[in-house]
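S.K.: give me coordinates for this.
(3 chains)
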Amino acid sequence: MKILTWKKVIIVSTLLSSLLILVILFSVTVGSVKVRPSRSITILLQSILGLKGGGTETEQAIILSLRFPRALLAGLVGAGLSVSGAIFQALLKNPLADPYILGVSSGAAVGAIVAILMGLSTLSLGLPLASFMGALLTILAVFYFGRQEGKIHPNTLLLAGVIIGSFLSALIMFFISVSQKEELHTIIFWLMGDFSFSNYQTIRIIFPYILLSFLFLYSRARQLNLILSGEENALQLGVNVENLRLISYLSASLLTAASVSVCGLIGFVGLIVPHSVRLIFGPDHRLLIPCSALVGASFLIASDTFARTLLAPIELPVGVITAAFGGPFFIYLLKTRKVVKTL
Amino acid sequence: MKMKPSRFFLILSLFISLWPSLSHSATLKFVDEVGRKVAVPFPPKKIVSLAPNITEVLFRLGLDREIVGVSIHCNFPEKARRKIQVGSYINLDFEKITFLKPDLVIATGTGNTRNMVERLEKLGFPTYVIFPKNFDGILQSIDHLGRVVNREKEAEAIIQEMKRRRQRVIERTLGLPRPKVFLQIGEFPIVTVGKGSFGDNLIDLAGGENIARNEKKMYPRLGKEEILKRSPEVILISSMNPKGDYQRLLQEWSRWKMIPAVRDGRIHMIDSDLIDRPSPRIIDGLEKIAKVLHPEEFKK
Amino acid sequence: MIEVQSISFRYHKAWVLQDISFQVGKGEFIGLIGPNGSGKTTLLKILYRLLSPQQGEILFDHVPLKRMGRTDIAKKVAVVAQETHLLFPFSVMEIVLTGRSPYLGHLMFEREKDLEIAKKAMEWTEILPFAERPIDELSGGERKRVFIARALAQEPEVILLDEPTANLDIHHQIDFLNLILTLNREKGLTIIMASHDMNIASEFCDRLLLLQKGKIYKIGIPEEVITQTNIEQVYGCEVWVDQHPVSGMPRISLLKKGVQ
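M.R.: Okay, here's the model as predicted:
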């Protein structure tokens, strides 16, 4: 009898982790400057093992200060956005949900734009911090307005999120219209999403948020399966639905906030990765959550690698690649398997 | 002979109505730098400038009272800041312009939009468009503007001085090794200057080699990997705030000591108005760049 | 085993249930009948604490319902209600296994024992052959059995049914009700069923509760509750009440207006 066991989860996770490692290695060996793949990998491994590295100073800088942190950050963000998307789809019982649907991303954008307009250095921590603040305030606002009779209700949450998101978008348009040429360029660049400024400091800061949120959500994976069948069903099976909704909403929002504040708005990942994973591995969250994280990480790292190498030395915005590759792939999945049977 | 009062008033009113056109001796037809035919009441007594480089040229030509409106970006000379502002590069307050009733509006192809110029035409304001693309282009624009505002002698003087100073730079840097230069505009993202931009032109004239000179885009975005690969010996940072950002930008670059420019401490800030604005001060920019690229030569 | 003491409930201003009191003995098969809006479904929801009454108390084996934890309630009471659309199709096995949820606590994965119980529940409801199939591929009748299997997997003492035969063809209705009856007789499960079909309630239930506008109109065995007068009072229409020719239980037949 086939049921999901922890053994199966471990096996699949290990396989996907191997894929992820391959993708990271690929990302580290490819770039606008030609470095021999064997050299790149050696430099990376030596650094991880704490050994003195080979290769020229330039090569070391390229691998360890540019490509590797970029891969790590893209992986973290890809995992964060994918898991967040999966959770919002369950929470709102809506297959069209993605991490940005409740306005968190707009809040992060407003925070970033205010920081840019105030002249905060774009390379300091001020910008991601301001962005994160904006996201947090939005999370609280949506939570406050999205409650009905003191309880979180999917439809009112959705409505509150969409309305607040629209309001924030209007605010963004306002800021754009009054900003000067130089600021405008920076703002638009931030909005498109970019990993070219990845560094270990940022990674160290957001890693705990992403890890904690992931662990929280995974511990509730079994109950998340239950709320998919409706509030009454879940309640009668002993699930504290209100509590679950609250924790899921806050954790998933935190994942989104952490991701967006360090790299801007990257679309598609949070929507198609969970769906694709579901089509292949099934809707059980005990498998869906770790698989979405691993597949999301690989997907975004690969997309970012293509974004910076396809038209070298020009760098494309990574959102272009996620849409260009993700879209057709998802349509292919749609045609060969069924996404949602009943809506 | 005593004139009847009614006749007196008739002659007076005739005189008054003809006065505006009498004070202009003519309307001269010009062809501007984008090929448009412009009929200018000559000499123009009320001029609006739509870009800072134009404003600088006009003031250098000796005009002041004649300049009745400038853009919000016009910050040089000091006097320009006190003029009435009529808009930005892309956004014009047409009401203000209508109120000012200029004889001549001057726009630049390097910033203002075609849409703006067409609207001004439709509203009946003669609009002259300059479009300087490099150092020589700037000299030409000064010459053209001199003719249009009736200051040909002053224009000629400016041009001669700029030519003279340029020649000096070329002579002094002739035969010197040409260092590889990276000119950074903007931080987020990092944008540099490619073929056809002023920055590229200046670096070349100053005896340097722009590492992005073969990029087809005028303002290409280079990834850090590329910059590392091309190992510039000098980094020039174009900034709106040269004094303020220096320490911070130095710190940012300090991580990349494998770049010769960082290792040797040859990172310099330059006021962006001097190198990105097609105005008479571009020669100041050129001289500054030359000094930075060839310090030993210019110490003497 | 269940004591309902003077409960009253309202959503907003109007009282939906007023001063309801009754008792249910262990192993009884109770039917809740009454017109739409009389409060049947609301009463069921209160019995598993989806809703809480503003007044009154419910006792389960002398323990007040409101003092019981959610998982404790889930271990005692299972619900087979109207089906909600499943967003993503799970398999029959997976759905029945969710019935073990109250016993898993913080555990992420089901144990061998849980698997065994689920299997037995599926055997009992004769859906074991469908175990691996996604639920949306099953017919209405088969789906209902899946949810009964899930309820059985909860190992409850009480099963609440809300309009269980709605939308079922008669052969499925008969199968289903016989299954419930067997559950009641062989396993001793207490059943409370809300139904708008009074003939079914009459056939299968031990006792009936007739509700009208939130109050109990009559409670007792079918013969006492389903009478011409009672039905005409509560429903405001004329019906014909006689005895089912085979079982002898009261049976209601519709009359066209003006015929008597």
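S.K.: count the residues that sit near A:Q148.
M.R.: 14 (other CB atoms under 10 Å in any protein chain shown). Every residue, glycine included, has its C-beta placed from N, CA and C.
S.K.: ok, now C:Q18?
M.R.: Using other CB under 10 Å, C:Q18 has 17 neighbouring residues.
S.K.: look up how far chain B lies from the residue positioned nearest the centre of chain C.
M.R.: Using CA atoms, centre = their mean, the residue of chain C that lies closest to the mean C-alpha position is C:L161, 1.7 Å off. From C:L161 across to chain B, the span is 63 Å (CB to the nearest CB, to the nearest Å).
S.K.: residue contacts, that residue?
M.R.: C:V79, C:V80, C:A81, C:I180, C:I191, C:I192, C:M193, C:A194, C:S195 (CB atoms under 8 Å, 6 or more residues apart in numbering or on different chains).
S.K.: just the buried members of these?
M.R.: Taking 16 or more other CB atoms under 10 Å in any protein chain shown as the criterion, what is buried in the contacts of C:L161 is C:V79, C:V80, C:A81, C:I180, C:I191, C:I192, C:M193, C:A194, C:S195.
S.K.: indicate the residue of the stretch 151-260 of chain C located nearest to chain A.
M.R.: C:Q154 (7.4 Å; CB to the nearest CB).
S.K.: alpha carbons of the one helix or strand A:L254 maps to, as CSV, please.
M.R.: Assigned by DSSP states H and E, A:L254 belongs to helix A:241-263. The C-alpha trace of helix A:241-263 is given here as CSV (Å, rounded to 0.1, in the frame of the first residue of the first chain):
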residue,chain,number,x,y,z
VAL,A,241,-7.8,25.9,12.1
GLU,A,242,-7.5,29.5,13.3
ASN,A,243,-4.1,28.9,14.8
LEU,A,244,-2.9,27.1,11.7
ARG,A,245,-4.0,29.9,9.4
LEU,A,246,-2.3,32.5,11.6
ILE,A,247,1.0,30.7,11.7
SER,A,248,0.9,29.9,8.1
TYR,A,249,0.0,33.4,7.1
LEU,A,250,2.8,35.0,9.2
SER,A,251,5.5,32.4,8.2
ALA,A,252,4.7,32.5,4.5
SER,A,253,4.6,36.3,4.6
LEU,A,254,7.9,36.4,6.4
LEU,A,255,9.4,34.2,3.8
THR,A,256,8.2,36.5,1.1
ALA,A,257,9.3,39.6,2.9
ALA,A,258,12.9,38.3,3.5
SER,A,259,13.2,37.2,-0.1
VAL,A,260,11.9,40.4,-1.7
SER,A,261,13.8,42.8,0.5
VAL,A,262,17.1,41.4,-0.7
CYS,A,263,16.6,41.1,-4.3
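S.K.: can you list contacts of stretch C:212-224?
M.R.: C:15-22, C:34-35, C:37-39, C:201-202, C:205-211, C:225, C:230, C:233-234, C:249-250.
S.K.: just the ones of the residues you listed in helices?
M.R.: Among the contacts of stretch C:212-224, the members falling in helices (DSSP state H) are C:A201, C:S202, C:V225, C:N230, C:Q233, C:V234.
S.K.: tabulate the residues you listed (a markdown table), appending pLDDT.
M.R.: Formatted as a markdown table, the ones in helices among the contacts of stretch C:212-224 follow (pLDDT from 0 to 100):
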| residue | pLDDT |
| --- | --- |
| C:A201 | 92 |
| C:S202 | 92 |
| C:V225 | 92 |
| C:N230 | 91 |
| C:Q233 | 89 |
| C:V234 | 90 |
